[in-house]
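In: Need a 3D model of the sequence below.
(one chain, ligands or ions: 1)
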Amino acid sequence: MFGPGGLNRVCGHAGIEVALVELFRTTGERRYLDQAALFVERRGTGTLPLIEFGRAFAQDDLPVRKADVLRGHAVRALYLAAGAVDVAVETGDLELLDALRTQWDNTVERRTYITGGMGSHHMDEAFGEDFVLPPDRSYCETCAGVASIMFSWRLLLATGDPRHADLIERTLYNIVATSLGEDGRSFFYANTLHQRHPSGDVPLNDDGVCIRGGAGRRQAWYEVSCCPPNLARTLASLGGCLATTTSDGIQIHQYASSTLDAVVAGEPFELDVTTDYPHGGVVTITVRQAPARPASITLRDPEWSQDTRLSLNGAPAEPAGMTLTRTWQPGDRLELTLDLRPRVVRPDHRVDAIRGCVAVRRGPEVLAMESIDLPPSWALEDATLLPDTVTAEHGSVVATARHHRSGEDRTVPLIPYRSWARRGSSAMRVWIPEARD
Ligand SMILES: [Zn+2]
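Out: Got it, this is the predicted structure:
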């Protein structure tokens with residue numbers, strides 16, 4: 001129906017494109033790829049009816065290859081971008097691939113929260129304009145986090161650029177891991193960076209089911225429950241995004257205890273990875289089996305690590321970039337040490353909603369202040385932070401908070417953002433006003 005000469009329409013919600021390319025890869029039938037390419041080209045030519053949120057809502061405002069940033073409904077935009085990368089890679093369309101890389105760059109620089117969350121509008125679940133990133137109205141749908149990982153993973157495969165793996169990590173630890181309840185039976189639909197009231201203003205529909213945004217606790221169900229299967233799918237396929245291979249060697253992108261079982265230039269290359277990351281910053285990689293000729297192991301030096309060290313069999317290693325090439329022997333041991341000291345982050349001056357605030361990160365984790373950790377007489381909105389006091393103590397991060405009205409100081413813990421609301425209802429904020437003397 002939608003083929004060449006058929007209905008000149010696209011789906012209102014992109015998503016079929018990634019599926020069609022996957023079907024082409026599985027079956028080898030070219031018509032599936034051609035149809036995906038046709039849908040990508042047709043999008044942005046105004047074939048969908050105009051709705052109240054404008055043509056950008058379904059990315060029908062501009063052809064994919066002409067756009068320089070993601071806009072409109074965040075999940076739609078990210079699924080479309082992921083599918084368009086697939087089309088670009090399979091058809092060798094470098095112009096399209098370049099456009100998507102530019103869109104990724106601009107979106108990450110100007111339209112992405114510190115957590116990796118995307119989409120600041122509640123009304124249309126959409127990206128705001130550049131630097132419209134209010135923490136207390138951050139939507140950051142869980143599915144947009146999953147879709148962002150899909151887009152970044154495809155660009156990582158296409159380009160090898162470790163920045164894509166950095167964003168995948170940030171999104172895994174701060175969106176995917178935040179959404180999911182520890183019992184595996186509840187989730188956040190939206191992932192706000194600032195919950196003002198402990199109970200959360202949980203809006204229920206006529207059936208008593210929680211509507212999408214605004215929940216202060218993970219809920220068993222929402223009126224739209226697109227996120228749980230997306231979470232399940234992402235967690236089930238996590239092993240597939242730890243590493244990649246080229247004809248030269250293996251590239252490790254995400255650090256987790258695992259066995260990497262690869263074939264490099266026709267020979268088995270098997271590595272054991274052990275770590276308690278992100279609690280600790282030491283990652284040990286032991287060679288189990290290696291090609292008989294020189295092969296490379298490339299590690300990711302995360303954007304947040306200020307002092308990354310690497311040793312080989314106990315001696316400091318000086319890799320070219322983060323790549324070590326040699327004839328590996330079973331038992332060779334690489335040890336990567338990442339810098340997990342907490343870091344204070346100040347926002348871009350163009351993000352008006354968080355001017356004068358700071359955030360704290362530790363490794364891939366964004367930290368948060370939760371009201372349950374403040375003195376009972378303090379309201380979260382009156383707590384400010386002395387950034388110079390941020391320090392790590394026994395693996396936890398603490399800092400001095402100052403009560404804005406009384407001037408009273410207290411040492412308080414800053415918890416991983418993904419742990420918020422796990423000890424009951426709480427007010428919470430990621431961006432904390434800096435204390436003034
Ligand atoms: Zn969802």
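In: so where do the helices sit in the stretch 201-350 of the chain?
Out: Under the criterion DSSP state H, counting those that start in this stretch, helices of the stretch 201-350 of the chain are mapped to 227-236.
In: and it, which residues reach the ion?
Out: 226-227 (C-beta under 5 Å from the ion). Any C-beta I mention is one placed from the backbone N, CA and C, and that applies to glycine too.
In: ok, now which ones touch residue 177?
Out: Residue 177 sits next to residue 418 when contact means C-beta atoms under 8 Å, 6 or more residues apart in numbering.
In: any idea of the pLDDT on residue 328?
Out: Note for residue 328: predicted pLDDT of 98.
In: Same check on residue 355?
Out: 96.
In: And for the closest residue to residue 326 other than its chain neighbours, the neighbour number?
Out: Distances taken as C-beta to C-beta, 6 or more residues apart in numbering place residue 294 nearest to residue 326, at 5.8 Å, with adjacent residues excluded. By other C-beta atoms under 10 Å, 12 other residues sit near residue 294.
In: right, and residue 24 touches residue 87 too?
Out: No - Residue 24 is beyond contact range of residue 87, at 9.7 Å (criterion: C-beta atoms under 8 Å).
In: Need the overlap of contacts for those two.
Out: 33, 36.
In: okay, those two: which has more neighbours?
Out: The residue with more neighbours, out of residue 24 and residue 87, is residue 87; 26 against 21, by other C-beta under 10 Å.
In: rewinding a little: so what pLDDT did the residue nearest to residue 326 get?
Out: 97.
In: In contact with it, which residues?
Out: Residues in contact with residue 294, defined by C-beta under 8 Å, 6+ apart, are 325-327.
In: what comes up buried for the stretch of helix or strand residue 411 belongs to?
Out: Using DSSP states H and E, residue 411 maps to strand 409-416. Neighbour-count burial for strand 409-416 flags 412, 414-416 (criterion: 16 or more other C-beta atoms under 10 Å).
In: which other residues reach it?
Out: Counting by C-beta under 8 Å, 6+ apart, 173, 342, 360, 362, 365-370, 373-375, 378, 383, 386, 389-390, 396-403 sit against strand 409-416.
In: Now, those residues that are in strands?
Out: Among the contacts of strand 409-416, the residues falling in strands (DSSP state E) are 360, 362, 365-370, 383, 386, 389-390, 396-403.
In: Would you pull up how far stretch 184-202 lies from the middle of the chain?
Out: Relative to its chain's centre, stretch 184-202 lies at 18 Å (C-alpha atoms, centre = their mean, to the nearest Å).
In: Give me the mean pLDDT for it.
Out: So the average pLDDT for stretch 184-202 ends up being 86.
In: No further queries at this time; thank you.
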